[in-house]
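# Okay, sequence plus prediction incoming.
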Amino acid sequence: MRSFFAMLARPATYSRWLHLLIPAAVGSVWLFISPTRPWMLFLFAVPVGLLPAVRLAEGLQAQLLLQPAQRGPGAPISAGPATTWTDRCRTVVWLELRLVLGAVACFATVWLSATAVDLVRGSFGTGPSDEWLARGVQPGWWCALLAPLPILFLLGLVVLGGEVVTAAARGLLGPSPTERMTALEERTEQLLERNRIARELHDSIGHALTVAVVQAGAARTAGSPEFTARALAAIEETGRNALDDLERVLGVLRETDVPVSGRPTLVEADRLLESARGSGARIDVEVTGALELVPGPVSREGYRILQESLTNVLRHAGAVPVRVRISAAEERLELEVANPLAGEPRGPGSGNGLRGIRERAALLGGKASTGPCEGEWRVHATLPLDRIR
């Protein structure tokens with residue numbers, strides 16, 4: 001009982017009932033045009049529901065009146081035009097159901113309200129009129145005791161009808177599988193970029209600040225002008241490198257408003273390779289297969305893996321020869337970046353950038369290996385294509 005009265009106190013309860021009554025206005029206009037064929041309104045709703053824009057209009061109206069607190073991306077009720085025939089058919093079913101529920105809501109509102117009014121009139125001894133709905137009840141003081149019952153029943157229908165139409169809207173106007181996949185891609189991309197930003201800030205900015213603090217403290221206690229000059233030069237160089245890295249991280253942040261479909265893929269790998277060549281690297285590229293046929297999620301993650309691999313080469317090895325191999329087969333995408341080892345051989349690689357490469361591959365059900373191999377530093381990633389398709 002407490003939950004019932006709590007729902008009566010919610011504004012959404014009455015906006016949902018208003019949503020149910022809106023089709024009654026359309027029905028009244030139709031009855032004015034064709035009073036003898038009300039059933040034709042249900043036939044007319046079929047071609048209307050097949051229009052892509054109708055799903056957008058119904059979704060926006062349902063979001064506003066049924067679930068005003070759950071709007072925007074990820075809402076259980078979608079607000080977008082129909083893109084498939086399945087969405088159009090679901091919209092038709094929604095319109096038909098909405099007409100039925102609207103007729104029931106309109107009839108219940110009029111009938112129960114009029115019954116309550118007649119019972120009030122009966123409590124004053126007024127005899128039954130032509131619109132007397134509480135038939136069988138003789139006028140008298142006891143009618144005042146019965147008058148609240150139709151109102152309470154109507155309030156119960158308001159709550160129940162709102163829950164029913166909201167559940168129907170979630171099922172029939174909810175996101176389609178394509179929309180769910182797009183939302184999942186966007187969410188995944190956002191999480192990956194946030195992790196990358198965290199890694200970049202930790203590795204670059206944190207390192208620069210640590211070096212600056214240590215050098216400044218050492219210069220303050222050394223009391224040597226030569227040492228102080230060297231410390232200031234080291235702080236200056238570290239600060240410049242940190243500013244460059246910060247600009248790169250901010251570039252990632254500026255991409256957050258770009259939709260997933262507008263972010264770079266392996267088809268645009270040429271500009272990434274040219275940028276690396278401009279930094280002094282000598283890159284040998286071999287591409288086999290049609291990269292434009294690679295599914296979007298794999299192609300976007302492959303681009304990021306290639307970008308991180310080239311950044312790792314430039315950061316640790318400098319201007320060295322780099323071998324890039326990209327192979328798009330029917331079942332998987334192979335990506336390999338290799339360069340000669342500079343200085344002492346490193347371990348298999350546990351930095352955040354390399355960890356991010358392995359995480360991106362694992363997210364798509366693939367795998368990536370990073371580390372020295374036959375005198376080279378090699379990054380090799382295998383991403384499945386059949387699961388995405």
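Received the coordinates, thanks.
# Give me the buried positions along stretch 357-377.
The neighbour-count check on stretch 357-377 (16 or more other Cβ atoms under 10 Å) flags 357-361, 364, 366, 368-371, 377 as buried. No exception for glycine: its C-beta is placed from N, CA and C like everyone else's.
# Just the C-alpha atoms of it, please, in CSV.
Extracted in CSV, the C-alpha atoms of stretch 357-377 (Å, rounded to 0.1, in the frame of the first residue of the first chain):
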residue,chain,number,x,y,z
ILE,A,357,48.1,-3.4,-26.9
ARG,A,358,47.5,-6.8,-25.2
GLU,A,359,44.3,-5.5,-23.6
ARG,A,360,43.0,-4.2,-26.9
ALA,A,361,43.6,-7.6,-28.6
ALA,A,362,42.1,-9.6,-25.7
LEU,A,363,39.0,-7.4,-25.7
LEU,A,364,38.2,-8.6,-29.3
GLY,A,365,39.0,-12.3,-28.4
GLY,A,366,42.5,-12.1,-30.0
LYS,A,367,46.0,-12.1,-28.6
ALA,A,368,49.2,-10.0,-28.8
SER,A,369,52.8,-10.7,-28.0
THR,A,370,55.5,-8.0,-27.4
GLY,A,371,59.2,-8.5,-26.8
PRO,A,372,62.6,-9.4,-28.3
CYS,A,373,62.7,-12.0,-31.0
GLU,A,374,65.7,-13.0,-33.2
GLY,A,375,67.5,-9.7,-32.6
GLU,A,376,64.4,-7.6,-33.1
TRP,A,377,61.8,-6.0,-30.9
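# For stretch 89-103, buried residues please.
Those would be 90-92, 94-99, 101-103, for stretch 89-103 by 16+ other Cβ under 10 Å.
# whoops, I mixed them up, stretch 227-238
For stretch 227-238, burial by neighbour count (16+ other Cβ under 10 Å) applies to 228, 231, 234-235, 238.
# Closest to L333 out of the residues you listed?
Minimum distance to L333 across the buried residues of stretch 227-238 is 37.8 Å, recorded for T238 (Cβ to Cβ).
# that's a helix at that closest one, yeah?
Yes: applying DSSP: H, G, I helix; E, B strand; the rest coil, one finds T238 inside a helix.
# Now that we have the buried residues of stretch 89-103, can you turn them into TSV and tack on distance to I283?
Below are the buried residues of stretch 89-103 laid out as TSV (distance: Cβ to Cβ, whole Å):
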residue	distance to I283
R90	50
T91	51
V92	55
W94	54
L95	57
E96	60
L97	60
R98	60
L99	64
L101	64
G102	65
A103	69
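# who touches the residue lying closest to T166 once chain neighbours are set aside in this structure?
In space, and not counting its chain neighbours, T166 is closest to L66: 4.8 Å by Cβ to Cβ, 6 or more residues apart in numbering. Contacts of L66 were listed using Cβ atoms under 8 Å, 6 or more residues apart in numbering, and they are 12, 15-16, 19, 77, 162, 165-166, 169.
# quick one, helices of the chain?
2-8, 11-33, 40-49, 52-65, 85-123, 143-146, 148-172, 177-200, 206-222, 225-254, 269-278, 296-316, 352-363 (DSSP state H).
# ranking these by burial, who's on top?
Stretch with highest mean neighbour count among those: helix 296-316 (a mean of 21; mean count of other Cβ atoms under 10 Å).
# I'd like to check the angle between it and helix 352-363, please.
160 degrees (axes from the mean of the first three to the mean of the last three Cα atoms, to 10 degrees).
# got the contact list for V110?
With Cβ under 8 Å, 6+ apart as the criterion, no residue contacts V110.
# Quick check, pLDDT for it.
Looking at V110, its pLDDT reads 87.
# domains for the protein, by residue range?
2-175, 180-261, 264-389 (automatic domain parsing).
# circling back to that earlier point, could the buried residues of stretch 227-238 be laid out in a markdown table, adding distance to R187 and pLDDT?
Listed next are the buried residues of stretch 227-238 as a markdown table, based on distance: Cβ to Cβ, whole Å; pLDDT from 0 to 100:
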| residue | distance to R187 | pLDDT |
| --- | --- | --- |
| T228 | 50 | 82 |
| A231 | 45 | 79 |
| A234 | 42 | 75 |
| I235 | 40 | 80 |
| T238 | 36 | 71 |
